[in-house]
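S.K.: A predicted structure for the sequence below; I have some questions about it.
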Amino acid sequence: MDLKDIQNQLDLTMREQNNRPIKEFEGYSPLEMHKILHFTFSIDSPLKLQKLSVFDYQNIPMLNQVRYLMDLIGKSGEIKLTQKGFLPTKIVSELYQQGFLKDEHIENGISKLYKETDSMTINLTRILIELAGLAKKRNGKLSLTKSSQKVLIDNQELLRQIFLTFTNRFNWAYYDGYGENQIGQLGYGFSLILLSKYGHEKRLDSFYAERYFNAFPQLLDSVEPNYGTLEKYSTNCYSVRTFDRFLNYFGLINMDEQGKGLDSITYITKTDLYDRLIKCTPHNMR
């Protein structure tokens with residue numbers, strides 16, 4: 001056997017290793033997991049974002065809140081921001097009153113809505129349209145970019161840009177006290193696969209967290225719990241970021257929370273919209 005034959009044999013062995021199904025990856029191979037992690041919706045990834053009907057787009061809260069804010073900006077030409085660079089109170093109030101997304105603290109009367117930062121969902125909406133390049137700040141004013149004009153009339157493209165901006169550019173740890181770690185955001189595509197596979201039945205959020213951390217156990221190394229056990233703390237972190245503030249915002253899950261405080265439990269099911277938007281191809285079937 002010459003050097004070329006040896007190299008060919010090594011290449012074959014590596015390909016076989018990289019394409020073998022891994023139990024902790026729900027049967028996906030290391031190569032497929034690499035695509036899921038780093039090229040989540042690329043042409044050769046197991047995951048695809050699909051085109052929806054007009055009715056379906058109307059049932060995606062984050063998309064509709066983004067569109068409403070962009071329409072407000074477009075009608076005015078530009079919106080004068082506060083000295084700290086936030087939306088004016090009138091815009092904040094109008095946007096929140098549409099009811100696309102609600103804040104639990106405001107709805108429960110714990111806090112009141114006066115300014116943009118009183119509402120996490122409104123603050124997030126403004127951040128997303130800037131990160132996505134749909135709006136820009138200049139001289140204390142917020143206006144739409146030229147590229148946003150075409151996107152506004154294309155539901156599929158607007159959703160794609162908002163979805164990818166939220167998952168890849170916005171820091172999921174921004175609003176919580178769970179620390180600067182990548183729990184939930186790293187491997188969010190794997191969470192989509194888990195929900196596609198198991199979400200038709202009512203299951204605890206911890207069911208998904210357990211499988212997520214089985215796939216990415218190294219994420220637990222950076223966690224320092226402020227309360228409870230490492231397992232409970234990490235599960236709560238994963239659940240808040242993945243379910244409360246991601247999939248729920250995009251209308252892709254139903255959440256049934258029972259009990260209150262740290263003793264509460266949350267059941268998750270996927271919506272019909274989920275399967276119409278997210279397509280997951282099983283291992284080696286592409």
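M.R.: Received, thanks.

S.K.: what residues does stretch 234-243 touch?
M.R.: Contacts to stretch 234-243, defined as Cβ atoms under 8 Å, 6 or more residues apart in numbering, come from residues 172-173, 176, 178, 181, 183-185, 188, 191, 205-206, 208-210, 212-213, 219-220, 223, 225, 253, 255, 266, 268. Yep, even glycine has a C-beta here, placed from its N, CA and C like the rest.

S.K.: ok, now with 7 Å
M.R.: 172, 176, 178, 183-185, 191, 205-206, 209, 212-213, 220, 223, 253, 255, 266, 268 (Cβ atoms under 7 Å, 6 or more residues apart in numbering).

S.K.: among those, which ones are buried?
M.R.: Among the contacts of stretch 234-243, those buried by neighbour count (16 or more other Cβ atoms under 10 Å) are 172, 176, 178, 183-185, 191, 205-206, 209, 212-213, 223, 253, 266, 268.

S.K.: Relative to residue 197, which of these is nearest.
M.R.: residue 191 (10.8 Å; Cβ to Cβ).

S.K.: picking up where we left off before, filter the contacts of stretch 234-243 down to the ones in helices?
M.R.: If you go by DSSP state H, the contacts of stretch 234-243 have 191, 205-206, 209, 212-213 in helices.

S.K.: Which two of the residues you listed have the greatest separation?
M.R.: Going by Cβ to Cβ, the pair spanning the ones in helices among the contacts of stretch 234-243 furthest: 191 and 206, at 13.3 Å.

S.K.: Which residue ranges of the stretch 51-200 of the chain form helices?
M.R.: For the stretch 51-200 of the chain, applying DSSP state H, counting those that start in this stretch gives helices covering 54-57, 61-76, 89-97, 104-107, 120-131, 146-152, 155-168, 188-198.

S.K.: in the first one, what's buried?
M.R.: The reference is to helix 54-57. In helix 54-57, counting by 16+ other Cβ under 10 Å, buried: 56-57.

S.K.: and after the helix or strand of the chain with the lowest mean pLDDT, which helix or strand comes next?
M.R.: The least trusted helix or strand in the chain, going by mean pLDDT, DSSP states H and E, turns out to be helix 3-18, with a mean of 51. Downstream of helix 3-18, the next assigned helix or strand under DSSP states H and E is helix 30-38.
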